[in-house]
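Colleague: Return atomic coordinates for the entry below.
(one chain, ligands or ions: 1)
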Amino acid sequence: MESKLINKSAIKPAPIDVAVGILIKPTGEVLMAQRPVGKPYAGYWEFPGGKVETNEAILSALVREFQEELGIEINPDQAQPWCGCDYVYPHAHVRLHFYLCRDWHGEPRGLEGQQLAWQGGAIDVQPILPATIPLLEWLLQAC
Ligand SMILES: Nc1nc2c([nH]c(=O)n2[C@@H]2O[C@H](COP(=O)(O)OP(=O)(O)OP(=O)(O)O)[C@@H](O)[C@H]2O)c(=O)[nH]1
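Modeller: The predicted structure follows:
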């Protein structure tokens, strides 16, 4: 019987799905959060969100992450799928799913100790997670 050789270096783990939400106020301001101490890239700014759990829908993960991290309820029916991208970090290969969210209940609070900043006109917090930087220019056009 013919044996098959597998080149193990060619096997890549599946990317980790991440649900990311961009809260947009009627004024056009968007919410950014600073990654807390203890996470990879601590101190970097990002849009709120987190990893999708096994067997969890991406939109369900988005709702859960906003409850856990910010203490707010977003309306999943009004969350608008916006764009996605893959990025390979030293710690993980992530697949980011971005949603625009204009409808939520509650006032966002940094429940994991993270700093929050509403940004309007231009994004002036630094540094920003590398995978998120290219999206900022498009975002300012979308808001
Ligand atoms: N939330 C969020 N994550 C992003 C963005 N851009 C980006 O590259 N990521 C990456 O997506 C991944 C999100 O994972 P996370 O560690 O924050 O997820 P989590 O909240 O579920 O954390 P946990 O595993 O500690 O519970 C990180 O590797 C992060 O670097 C962004 O704009 N927002």
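
Colleague: My read is that His105 contacts Leu70, right?
Modeller: No: contact status for His105 versus Leu70: not in contact, 11.2 Å apart, counting by CB atoms under 8 Å. Every residue, glycine included, has its C-beta placed from N, CA and C.

Colleague: Whichever residue of the chain sits closest to the ligand pairs with what?
Modeller: The ligand sits closest to Gly50 of the chain, with a gap of 2.7 Å, by CB to the nearest ligand atom. For Gly50, the beta-bridge partners are Ala19 (DSSP bridges).

Colleague: Next up, the contacts around it.
Modeller: Gly50 is in contact with Val18, Ala19, Ala61, Glu65, Glu68, Glu69, counting by CB atoms under 8 Å, 6 or more residues apart in numbering.

Colleague: just to revisit the earlier point, out of His105 and Leu70, which sits in the busier spot?
Modeller: Neighbours per residue (other CB atoms under 10 Å) separate His105 from Leu70, with Leu70 holding more: 24 against 8.

Colleague: Which among the contacts of Gly50 count as buried?
Modeller: Listed as buried from the contacts of Gly50 are Val18, Ala19, Ala61, Glu65, Glu69; burial here means 16 or more other CB atoms under 10 Å.

Colleague: I figured Leu136 hits Ile128, correct?
Modeller: Yes: with contacts counted by CB under 8 Å, Leu136 reaches Ile128, the gap being 7.2 Å.

Colleague: Quick check: nearest residue in space to the residue most central in space within the chain, chain neighbours excluded?
Modeller: Centroid-nearest residue in the chain: Val20, 2.9 Å away (criterion: CA atoms, centre = their mean). Once flanking residues are discounted, Val20 sits nearest to Gly49: 3.6 Å by CB to CB, 6 or more residues apart in numbering.

Colleague: wait, doesn't the one you found sit right on Leu23?
Modeller: No: Gly49 is beyond contact range of Leu23, at 10.7 Å (criterion: CB under 8 Å).

Colleague: Let me see the mean pLDDT of the longest helix seen in the chain.
Modeller: In the chain, assigned by DSSP state H, the helix with the most residues is helix 58-70. Averaging pLDDT along helix 58-70 gives 98.
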